[in-house]
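Undergrad: The amino acid sequence is not available; the structure is as follows:
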């Protein structure tokens, strides 16, 4: 009989451990923001004939703003073609591969933009920035039809010659 009287006292701490944790709305919001994936945009469609240099440079600047200044991966990817070539050996070619690599992590990256340059003769733009995860990065992008068609980032050096 004494055992039956002691049993609830012995089981009570075990029941407390099994109770669900109380989560506040702030904790839910933080969890949601980490787990939420940004909306995937449609890839950029090349225009023909090749647009003028001023137009392409404006698009490069808008891409740079979205990508490294605002960290808006959805807006930035609106400038990338479906079939773009990625020269990073850790990534496959194409819009979808780059999106799958960057979209889950980009918003949480600590990015310090350093500089950007566009070369109208080569229709090529460079972004130079520092991240907490990857250190200093130089990305080079070749534009075609008003869209990013090709990307390099392995061993890239920021150009020393003016535009």
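TA: Structure's in. What do you need? All values reported here derive from a predicted model rather than from experimental measurement. Numbers count the residues shown, from 1 in each chain.

Undergrad: and the residue nearest the centre of the chain, what are its phi and psi?
TA: Geometric centre of the chain, nearest residue: residue 106, 3.0 Å, by C-alpha atoms, centre = their mean. The phi/psi pair for residue 106 (degrees, to the nearest 10) reads phi -60, psi -40.

Undergrad: Surely residue 151 is in contact with residue 139?
TA: Yes. Taking contacts as C-beta atoms under 8 Å, residue 151 lies within contact range of residue 139: 6.6 Å. For the C-beta atoms, the positions are set from N, CA and C on the backbone; glycine is no exception.

Undergrad: hang on, the earlier thing: next one: the residue nearest to the centre of the chain, what pLDDT does it get?
TA: Residue 106 carries a pLDDT score of 93 in this model.

Undergrad: hang on, it packs against residue 75?
TA: No. In this structure, residue 106 is not within contact of residue 75 by C-beta under 8 Å, at 11.2 Å.

Undergrad: where does residue 37 land on pLDDT?
TA: pLDDT at residue 37 comes out at 81.

Undergrad: what do you get for residue 87?
TA: Residue 87 is given a pLDDT of 96.

Undergrad: For it, give its distance to residue 115.
TA: The gap separating residue 87 from residue 115 is 21 Å, by C-beta to C-beta, to the nearest Å.

Undergrad: Comparing the two, which residue is more hemmed in?
TA: Comparing residue 87 with residue 115 by other C-beta atoms under 10 Å, the one with more neighbours is residue 87, at 14 against 11.

Undergrad: if you skip the residues just before and after it, what's nearest to that one?
TA: residue 152 (4.5 Å; C-beta to C-beta, 6 or more residues apart in numbering).

Undergrad: so what's the one you found up against?
TA: Each residue near residue 152 by C-beta atoms under 8 Å, 6 or more residues apart in numbering is listed here: 87-88, 139-140.

Undergrad: What segments of the chain are helices?
TA: 2-18, 25-35, 53-64, 73-76, 95-102 (DSSP state H).

Undergrad: worst average pLDDT in those helices?
TA: Note on the helices of the chain: helix 2-18 shows the lowest mean pLDDT, a mean of 46.

Undergrad: give the contact list for residue 136.
TA: Taking C-beta under 8 Å, 6+ apart, one finds 114, 128-130 in contact with residue 136.

Undergrad: For it, give the beta-bridge partners.
TA: residue 130 (DSSP bridges).
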